[in-house]
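In: My questions are about this predicted structure, shown below with the sequence.
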Amino acid sequence: MNITLSWDLFVIVFFAIVVAYSFIIGKHQAVKIIIATYIATVAVQGLGNILARMTGQSQPLLTVLGLSMDSSLIATVKLVVFAAAIIFIAVRAGIEVSYVKETGSILSTIITGLFGFVTAGMLLSTLLTFIAGGPILDASLSQAAMVSPMLTGSKLMQLMVFNQDLWFSLPALLLIGVGFLSNK
C-alpha cells in the first residue's frame, strides 16, 4: 500500500481524530469544546490584532533590539494561544452543559459524531484563518500566501477554505437543533 502525504490526507486524519475524541469525551463535553472554540477564536483573533497593531507601531524599536515580528511569528503565537485557550476554557472556565431530556442512545451517538465533525471543521477553518493572517471569515482567504499552496491539488482543503462560513455556522446550527431535541 502506497500512501502519499497530501493535504487531503491531513484533512481526513484531522477530522478522524477530532470525531474520535468527541466519542471519547462524550456529547456534553463535545458541546463544551464547541463553545470553547467559539470563545477562543474571537479572543485570539482580537489579541492577534492588538499584537499586530502594537508591534507595527514599535517596529523600529524592535529592529534596534534585534527582534523581528513577522506574520509567521504572529500566526504561530495565535495558534499556540488558541490551543491553550480552548483547553483552559473547556477545563477551567466553569462551563457546564447538560440537556434536560436525553435522546435515545442511537440518536445520542449520531449527535456526538456530528458534534465532532462540525468541531473539526470549525477548528480547521480557524487554524487556516490564523495561518493566513487574515480576519475571521475573510473572503480572500484562498489568495493568502500561506494558504494558496495548500489548495493546489487538494479538493478537501478547497472545501474547507471556500466554505469557511459554513464551517463556522454549522456548530451553532447543530447546537440549536440539538437544543430543540433535548429540552422540554
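Out: The structure has been received and is ready for your questions.
In: which residues touch the residue minimising distance to the centre of the chain?
Out: In the chain, the C-alpha nearest the mean C-alpha coordinate belongs to Leu123, at 1.8 Å (Cα atoms, centre = their mean). Leu123 makes contact with 14, 18, 37, according to Cβ atoms under 8 Å, 6 or more residues apart in numbering. In this view, the C-beta of every residue, glycine as well, is placed from N, C-alpha and C.
In: For it, which three-state class applies?
Out: Leu123 falls in the helix class when you classify it by DSSP: H, G, I helix; E, B strand; the rest coil.
In: Gly134 now?
Out: coil.
In: Near it, how many other residues are there?
Out: Gly134 has 18 neighbouring residues, counting by other Cβ atoms under 10 Å.
In: That one contacts Ser140, correct?
Out: Yes. At 6.9 Å, Gly134 counts as touching Ser140 under the criterion of Cβ atoms under 8 Å.
In: now, which of the contacts of Leu123 lie within strands?
Out: Assigned to strands by DSSP state E, none of these qualify.
In: Now the buried members of the residues you listed.
Out: 14, 18, 37 (16 or more other Cβ atoms under 10 Å).
In: Is there a neighbour count for the closest residue to the second one other than its chain neighbours? I'd like the number.
Out: In other words, Val18. Once flanking residues are discounted, Val18 sits nearest to Ala120: 3.6 Å by Cβ to Cβ, 6 or more residues apart in numbering. Counted with other Cβ under 10 Å, the neighbours of Ala120 add up to 21.
In: Pull the number of nearby residues for the spatially closest residue to Ala52 that is not a sequence neighbour.
Out: The spatially closest residue to Ala52, leaving aside those adjacent along the chain, is Ile74, at 5.9 Å (Cβ to Cβ, 6+ apart). Using other Cβ under 10 Å, Ile74 is surrounded by 17 other residues.
In: What strand or helix carries Ile74?
Out: With secondary structure defined by DSSP states H and E, Ile74 is part of helix 71-92.
In: Does anything pack onto that helix? Which helices or strands?
Out: Helices and strands touching helix 71-92, as assessed by 3 or more Cβ pairs under 8 Å, 6 or more residues apart in numbering; DSSP states H and E, comprise helix 27-57, helix 105-132.
In: For stretch 113-130, buried residues please.
Out: Residues 113-130 are the ones in stretch 113-130 that count as buried (16+ other Cβ under 10 Å).
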